[in-house]
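# predicted coordinates and the sequence they were generated for:
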Amino acid sequence: MKVSQALRERRSVRAFVDRPVPPALLRELLQQAARAPSSGNLQPWRIHVLQGEALQRFIEHIATRLASDPEPDPADYAVYPQPLQEPYRTSRFEVGEQMYALLGIGREDKPARLDWFARNFRFFEAPCALFFSVDRCMGPGQWADLGMYQQSLMLLLKEHGLDSCPQACWTRYHQSVEAFLQMPAEHMLHCAIAVGYADPEAPVNRLVSQRLPLETFCTFVE
Ligand SMILES: Cc1cc2nc3c(=O)[nH]c(=O)nc-3n(C[C@H](O)[C@H](O)[C@H](O)COP(=O)(O)O)c2cc1C
């Protein structure tokens, strides 16, 4: 598969079939993605992998936490700036509406929207979950490096017939995540990525998010 095809076909997948990710393949792709560039070659990405029984234990751990205390933990970092200004606000709103339209969930149906959102905390039934963190002493440059690793990995996964969904929602419960993973205190959770094989029948997986035209984000200096 060409890089251009992997780029075109990678999408955030939010429904997976019950088929495990081959552990050897996963290890190979996690290593290959480390060819991603990083400023000064710091390679600041840190990853925890959950599959099989460990993943089940984690999901139970989070379910217990959510049942006893659904309030988010004090944020370590703001996933979005508050308030989110235009044109970003509209982009976020539109992709959400596009997704709920595919799911047949109306704007007024708050309980159904919350129910759907809660699926995030089961990784949309994906058989594999990756948690990404970065050392707290690192700055925006290293956070950008982390993103390069993540996209490299998601493209490699696509090349091997696997799908993924990045999930910043886990930062809401970062303390529970960090405790379960016994993450070193000096690491900060960035996000998770759910990994598995897409359910081709699930309407939500028909979502193709929009992209802005080149002129809106690129300036050719004369
Ligand atoms: C860092 C990051 C965090 C994200 N967090 C979530 C999330 O918590 N839940 C979710 O369903 N999608 C999440 N997404 C997926 C975005 O909504 C998605 O990438 C965007 O709408 C573009 O769609 P595409 O990935 O299908 O191209 C996240 C994406 C990124 C890059």
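Nice, thanks for sending it over.
# list the contacts of Tyr80.
Tyr80 makes contact with 88, 92, according to CB atoms under 8 Å, 6 or more residues apart in numbering. Placement of C-beta: from N, CA and C, glycine included.
# swap that for Ala15, please
Taking CB under 8 Å, 6+ apart, we find Ala15 in contact with 124-125, 198-199, 202, 204-205.
# please enumerate residues in contact with the helix or strand hosting Met154?
Taking DSSP states H and E as the definition, Met154 sits inside helix 140-159. Outside helix 140-159, the residues that touch it by CB under 8 Å, 6+ apart are 1, 3, 6-7, 9-10, 29-30, 32-39, 42-45, 130, 132, 134-135, 163-164, 166, 190-191, 193, 195.
# hmm, it touching the ligand?
No. No part of helix 140-159 sits close enough to the ligand to count as contact by CB under 6 Å from any ligand atom; the gap is at least 7.2 Å.
# the strands in the chain, which residues?
Applying DSSP state E to the chain gives strands spanning 46-51, 128-135, 163-167, 187-196.
# of these, which approaches the ligand most closely?
The minimum distance between the ligand and the strands of the chain falls on strand 163-167, with 3.6 Å, by CB to the nearest ligand atom.
# tell me what that closest one is packed against?
With contacts defined as 3 or more CB pairs under 8 Å, 6 or more residues apart in numbering; DSSP states H and E, the packing partners of strand 163-167 are helix 140-159, strand 187-196.
# and the ligand, is the last one touching that?
Yes. Shown here: strand 187-196 in contact with the ligand (CB under 6 Å from any ligand atom) through Cys191.
# from the contacts of Ala15, which is closest to Ala63?
Minimum distance to Ala63 across these is 13.5 Å, recorded for Glu125 (CB to CB).
# quick check: that closest one touching Arg19?
No. Contact status for Glu125 versus Arg19: not in contact, 10.8 Å apart, counting by CB atoms under 8 Å.
# for the strands of the chain, which one sits closest to Pro74?
For Pro74, the closest of the strands of the chain is strand 187-196, at 12.8 Å, according to CB to CB.
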